[in-house]
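Q: Sequence first, predicted coordinates after that:
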Amino acid sequence: MKRLAILGSTGSIGTQALEVVAAHPDLFEVEVLSAHSNASLLIEQAKKFKPNAVVVTNEAKYKEVKEALLMLPIKVFSGNDSLNEVVQWQAIDTVLGAILGFAGLSSILAAIDAGKRIALANKETLVVAGELVMQRAREKGVAVIPVDSEHSAIFQCMVGEDLNAVEKMILTASGGPFLGRKPNYLVNVKASHAIQHPNWSMGAKISIDSATLMNKGLEMIEAKWLFGLRNEQVEVVIHPQSIIHSMVQFTDGSVKAQLGLPDMKLPIQYALAFPKRIANTYKRLDFKDFSKLTFEAPDYKTFRNLAIAKDVMFKGGNAPCVMNAANEMVVNAFLQNKVGFLEMSDMIEKTLDQVPFIEQPALDDFRESDAEARNCAVEFIKKSQLSMY
Ligand code: NDP
Ligand code: MG
């Protein structure tokens with residue numbers, strides 16, 4: 001029986017993780033749930049899964065959650081500091097990091113410090129501070145098991161293999177809803193269209209990141225830190241069917257791939273149960289339904305976010321942190337129709353130009369760079385709105 005803390009339980013990954021848990025009550029028990037603002041769903045989940053504690057990080061929601069759970073033996077906490085304490089509780093074996101964005105970093109570090117096994121969905125954590133996070137995990141002897149489907153695929157390909165025998169890792173990308181489109185089309189696309197991913201059902205932010213290919217850029221950096229790669233060893237190929245979830249090429253030229261239907265419950269389940277595989281009855285991949293699996297090079301010129309992310313991966317330091325913060329802000333603005341699709345890349349680039357580069361940032365530097373980049377991006381967003389009128 002594994003006792004879980006599910007951070008971000010009200011999100012796309014969090015709710016799917018709870019589906020996995022509900023299907024295997026003999027294997028998993030929920031010790032802690034955390035959410036930010038969706039109090040009603042958190043309350044519903046708490047009543048169903050009866051965790052020892054829930055944390056609602058948005059303090060304005062504390063009263064609502066506390067009152068609703070008053071008659072149940074469930075502790076209710078609020079705020080980020082509480083979350084960082086609760087994830088260290090002795091009863092927890094595994095922490096699923098499914099909070100969105102930079103906000104997920106500190107609880108993951110706290111969980112690592114307490115020696116908890118990490119199932120990591122929150123890729124921004126590794127994008128911002130991958131070196132620091134993985135270094136701490138090594139020091140504490142903590143396993144970080146990826147939930148992101150590409151990294152789960154690579155992780156599965158790496159079982160029984162030696163990192164020294166890896167030539168490169170190839171991340172597959174569907175290409176998103178605008179595959180093959182050019183800037184003259186993209187300039188007018190709206191959030192309602194961009195959010196509709198052809199193969200995966202995901203949260204709003206990552207859906208936009210998939211449309212701009214920033215998601216694949218973030219995943220390159222995530223792979224670098226997670227697997228300890230040199231920048232040159234990370235490659236991206238467009239594979240619109242999302243059946244091959246990623247690949248590893250070895251020094252003898254052999255390539256291993258992991259395949260399956262696109263369903264996030266599979267990598268979630270794998271990460272939670274690792275090293276076991278759990279039997280399930282999810283729909284199986286039937287090769288006869290996919291007579292063609294195709295591959296092509298990404299269009300770095302049109303989808304500039306991928307080029308920007310690749311650049312900051314090579315640059316290192318606080319550059320990925322700054323890019324990530326700017327991206328979180330502009331995606332949020334795009335979702336509210338405040339900036340255009342192509343403008344997002346301009347604003348990320350300008351933010352990178354403006355925030356001072358730090359070659360070897362410490363944790364506090366990341367916090368400062370993140371805040372500075374957000375402020376900077378907000379200014380660009382405001383200016384863009386003004387120019388619309
Ligand atoms: P969602 O937006 O669906 O959910 C985000 C979760 O994080 C919610 O529970 C939300 O709480 C919580 N949250 C948001 N902001 C904060 C904050 N400031 N402090 C604490 N908690 C917060 O996102 P996804 O589930 O799509 O993604 C979660 C992470 O997993 C991301 O890092 C994403 O890149 C990664 N991922 C997601 C995949 C997917 O298929 N969805 C695939 C691979 C990776 P509330 O709703 O209560 O406000
Ligand atoms: Mg992914």
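A: Great, that's in hand. Only a predicted model underlies this, so the values are computations on that prediction, with no experimental measurement involved. Ligands and ions are numbered 1, 2, ... in the order given.

Q: pretty sure A23 contacts T281?
A: No. With contact defined as Cβ atoms under 8 Å, A23 does not reach T281; the gap is 9.2 Å. The way it works is simple: take the backbone N, C-alpha and C, and place the C-beta from them, glycine included.

Q: Among the two, which residue is more densely surrounded?
A: Between A23 and T281, counted using other Cβ atoms under 10 Å, the more crowded position is A23 (16 against 6).

Q: residue contacts, that one?
A: N280 (Cβ atoms under 8 Å, 6 or more residues apart in numbering).

Q: And S82, by the same measure?
A: By Cβ under 8 Å, 6+ apart, the contact set of S82 is V55.

Q: Show me what the longest helix along the chain is packed against.
A: Using DSSP state H to define each element, the chain has its longest helix at helix 363-388. Here helix 363-388 touches helix 123-140, helix 319-335, helix 343-354, going by 3 or more Cβ pairs under 8 Å, 6 or more residues apart in numbering; DSSP states H and E.

Q: Is there any residue in the second one that contacts ligand 1?
A: By that I understand helix 319-335. No. Helix 319-335 stays clear of ligand 1 (Cβ under 6 Å from any ligand atom), getting no nearer than 9.9 Å.

Q: if we can go back for a sec, okay, buried residues for the longest helix of the chain please.
A: Neighbour counts using 16 or more other Cβ atoms under 10 Å place 366-370, 372-374, 376-378, 380-381, 384 of helix 363-388 among the buried residues.

Q: check whether it contacts ligand 1.
A: No. Helix 363-388 stays clear of ligand 1 (Cβ under 6 Å from any ligand atom), getting no nearer than 12.0 Å.

Q: Now do that helix, average pLDDT.
A: Average pLDDT, helix 363-388: 93.

Q: Between helix 319-335 and it, find me the angle.
A: Helix 363-388 and helix 319-335 meet at an angle of 30 degrees, taking axes from the mean of the first three to the mean of the last three Cα atoms, to 10 degrees as the criterion.

Q: what about F380, distance to ligand 2?
A: F380 sits 27 Å away from ligand 2, going by Cβ to the ion, to the nearest Å.

Q: nearest spatial neighbour of that residue, skipping sequence neighbours?
A: Using Cβ to Cβ, 6 or more residues apart in numbering and skipping the chain neighbours, the partner closest in space to F380 is M347 (4.3 Å).

Q: Over to M214?
A: Nearest non-adjacent residue to M214, counting by Cβ to Cβ, 6+ apart: N305, 3.9 Å away.

Q: what's the burial count for whichever residue of the stretch 151-300 of the chain sits closest to ligand 2?
A: Using Cβ to the ion, E219 is the residue of the stretch 151-300 of the chain that sits closest to ligand 2, at 5.5 Å. A count of nearby residues for E219, using other Cβ under 10 Å, gives 28.

Q: Over to the one 4 residues further on?
A: Other residues within reach of A223, judged by other Cβ under 10 Å, total 28.

Q: shouldn't it be in contact with S152?
A: No. Here A223 does not reach S152: they are 11.3 Å apart, not a contact under Cβ under 8 Å.

Q: Measure how buried the closest residue to ligand 1 within the stretch 101-250 of the chain is and give me the count.
A: Nearest residue of the stretch 101-250 of the chain to ligand 1: G203, at 2.4 Å (Cβ to the nearest ligand atom). By the criterion of other Cβ under 10 Å, G203 has 18 neighbours.

Q: Over to P198?
A: Other residues within reach of P198, judged by other Cβ under 10 Å, total 15.

Q: list the contacts for it?
A: Contacts of P198 (Cβ under 8 Å, 6+ apart): 174, 176-177, 240, 242.

Q: returning to what we had before: winner for burial among the helices and strands packed on helix 363-388?
A: Neighbour counts (mean count of other Cβ atoms under 10 Å) averaged over each of those peak at helix 319-335, with a mean of 26.

Q: That helix packs against which elements?
A: helix 123-140, helix 191-194, helix 204-212, helix 214-227, helix 304-315, helix 343-354, helix 363-388.

Q: Which single residue in this protein comes nearest to ligand 2?
A: Residue of the chain nearest ligand 2, by Cβ to the ion: D148 (4.2 Å).

Q: about what we covered before: adding mean pLDDT and distance to N184, write the helices and strands packed on helix 363-388 out as CSV.
A: Formatted as CSV, the helices and strands packed on helix 363-388 follow (pLDDT from 0 to 100; distance: least, Cβ to Cβ, whole Å):
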stretch, mean pLDDT, distance to N184
helix 123-140, 98, 30
helix 319-335, 98, 18
helix 343-354, 98, 15
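
Q: nearest to Y62, of those helices?
A: Y62 lies closest, by Cβ to Cβ, to one member of those: helix 319-335, at 23.8 Å.

Q: need the strands for the stretch 151-300 of the chain, in chain order.
A: Using DSSP state E, counting those that start in this stretch, the strands found in the stretch 151-300 of the chain span residues 166-173, 234-238, 244-250, 255-259.

Q: Next, format those as JSON lines and append mean pLDDT and distance to ligand 1.
A: Shown next, in JSON lines, are those (pLDDT from 0 to 100; distance: least, Cβ to the nearest ligand atom, whole Å):
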{"stretch": "strand 166-173", "mean pLDDT": "98", "distance to ligand 1": "12"}
{"stretch": "strand 234-238", "mean pLDDT": "98", "distance to ligand 1": "16"}
{"stretch": "strand 244-250", "mean pLDDT": "98", "distance to ligand 1": "11"}
{"stretch": "strand 255-259", "mean pLDDT": "98", "distance to ligand 1": "15"}
